[in-house]
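A.B. asks: sequence and predicted structure below; questions after.
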Amino acid sequence: MVLFCFLVDQRRTVRSSKPAAGICSRCGGCASVADMVTATRFCCVPVYRRTWRAIICTFCGAVLKSYR
(Lines give C-alpha, C1' and ligand atoms only; values in the text may rest on other atoms or scores of the structure.)
Protein backbone atom coordinates (compact mmCIF):
# COMPACT_ATOMS: atom_id res chain seq x y z
CA MET A 1 0.00 0.00 0.00
CA VAL A 2 2.91 2.36 0.59
CA LEU A 3 4.06 1.95 -3.01
CA PHE A 4 0.72 3.23 -4.28
CA CYS A 5 1.14 6.54 -2.42
CA PHE A 6 4.33 7.33 -4.32
CA LEU A 7 2.80 6.55 -7.74
CA VAL A 8 -0.09 9.04 -7.45
CA ASP A 9 0.53 12.77 -7.75
CA GLN A 10 -1.91 15.70 -7.59
CA ARG A 11 -0.95 19.19 -8.72
CA ARG A 12 -2.88 22.43 -8.42
CA THR A 13 -2.10 25.32 -10.78
CA VAL A 14 -3.58 28.78 -11.36
CA ARG A 15 -4.72 29.46 -14.93
CA SER A 16 -5.79 33.10 -14.47
CA SER A 17 -6.53 35.46 -11.61
CA LYS A 18 -8.16 38.83 -10.96
CA PRO A 19 -7.95 41.09 -7.91
CA ALA A 20 -10.82 40.75 -5.43
CA ALA A 21 -12.06 42.85 -2.55
CA GLY A 22 -10.98 41.61 0.85
CA ILE A 23 -7.94 40.47 2.79
CA CYS A 24 -6.57 37.12 3.93
CA SER A 25 -7.61 36.09 7.45
CA ARG A 26 -4.28 34.29 8.01
CA CYS A 27 -1.63 36.81 6.92
CA GLY A 28 -3.50 40.02 5.99
CA GLY A 29 -2.49 39.89 2.31
CA CYS A 30 -4.66 40.82 -0.67
CA ALA A 31 -7.17 38.35 -2.08
CA SER A 32 -7.73 37.39 -5.71
CA VAL A 33 -10.25 35.30 -7.63
CA ALA A 34 -8.47 32.54 -9.55
CA ASP A 35 -9.40 29.85 -12.05
CA MET A 36 -7.68 26.72 -10.75
CA VAL A 37 -6.83 23.41 -12.41
CA THR A 38 -6.30 20.24 -10.39
CA ALA A 39 -4.59 17.40 -12.25
CA THR A 40 -4.26 13.91 -10.77
CA ARG A 41 -1.54 11.74 -12.31
CA PHE A 42 -0.73 8.06 -11.97
CA CYS A 43 2.86 7.17 -12.95
CA CYS A 44 3.24 10.57 -14.71
CA VAL A 45 0.13 9.88 -16.86
CA PRO A 46 -2.77 12.32 -16.28
CA VAL A 47 -5.92 10.41 -15.32
CA TYR A 48 -8.20 13.18 -14.00
CA ARG A 49 -8.39 16.95 -14.57
CA ARG A 50 -10.80 19.37 -12.94
CA THR A 51 -11.20 23.14 -13.27
CA TRP A 52 -12.69 25.25 -10.49
CA ARG A 53 -12.74 28.80 -9.16
CA ALA A 54 -11.38 29.91 -5.79
CA ILE A 55 -10.53 33.00 -3.80
CA ILE A 56 -6.86 32.77 -2.84
CA CYS A 57 -4.37 34.95 -0.97
CA THR A 58 -1.75 36.53 -3.22
CA PHE A 59 0.88 36.53 -0.47
CA CYS A 60 0.66 33.15 1.28
CA GLY A 61 -1.35 31.19 -1.35
CA ALA A 62 -4.04 29.95 1.04
CA VAL A 63 -7.40 29.00 -0.46
CA LEU A 64 -9.91 31.19 1.36
CA LYS A 65 -13.09 30.05 -0.44
CA SER A 66 -13.61 27.50 -3.20
CA TYR A 67 -16.41 27.24 -5.73
CA ARG A 68 -16.52 23.72 -7.14
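C.D. replies: The structure has been received and is ready for your questions. Residues are numbered from 1 along each chain as shown.
A.B. asks: my guess is residue 8 meets residue 39, correct?
C.D. replies: No. Here residue 8 lies out of contact with residue 39, judged by C-beta atoms under 8 Å, at a distance of 11.5 Å. (C-beta placed from N, C-alpha, C; glycine too.)
A.B. asks: quick one, which of those two is more surrounded?
C.D. replies: Using other C-beta atoms under 10 Å, the more surrounded residue of residue 8 and residue 39 is residue 39, with 15 against 11.
A.B. asks: what about the more buried one, which helix or strand?
C.D. replies: Following DSSP states H and E, one finds residue 39 within strand 30-42.
A.B. asks: which stretches of this protein form helices?
C.D. replies: 2-7 (DSSP state H).
A.B. asks: now do the same contact list for the closest residue to residue 10 other than its chain neighbours.
C.D. replies: Take residue 10 and drop its neighbours on the chain: the residue closest to it by C-beta to C-beta, 6 or more residues apart in numbering is residue 40, 4.9 Å away. Neighbour list for residue 40: 8-10, 46-49 [criterion: C-beta atoms under 8 Å, 6 or more residues apart in numbering].
A.B. asks: try it again with 6 Å
C.D. replies: 10, 47-48 (C-beta atoms under 6 Å, 6 or more residues apart in numbering).
A.B. asks: show me what the strand holding residue 39 pairs with in its sheet, parallel or antiparallel.
C.D. replies: Here strand 30-42 has these sheet partners by DSSP bridges: strand 8-23 (antiparallel), strand 45-57 (antiparallel).
A.B. asks: in TSV, list those strands along with distance to residue 34.
C.D. replies: Shown next, in TSV, are the strands paired with strand 30-42 (distance: least, C-beta to C-beta, whole Å):
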stretch	distance to residue 34
strand 8-23	4
strand 45-57	5
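A.B. asks: thanks a lot, catch you later.
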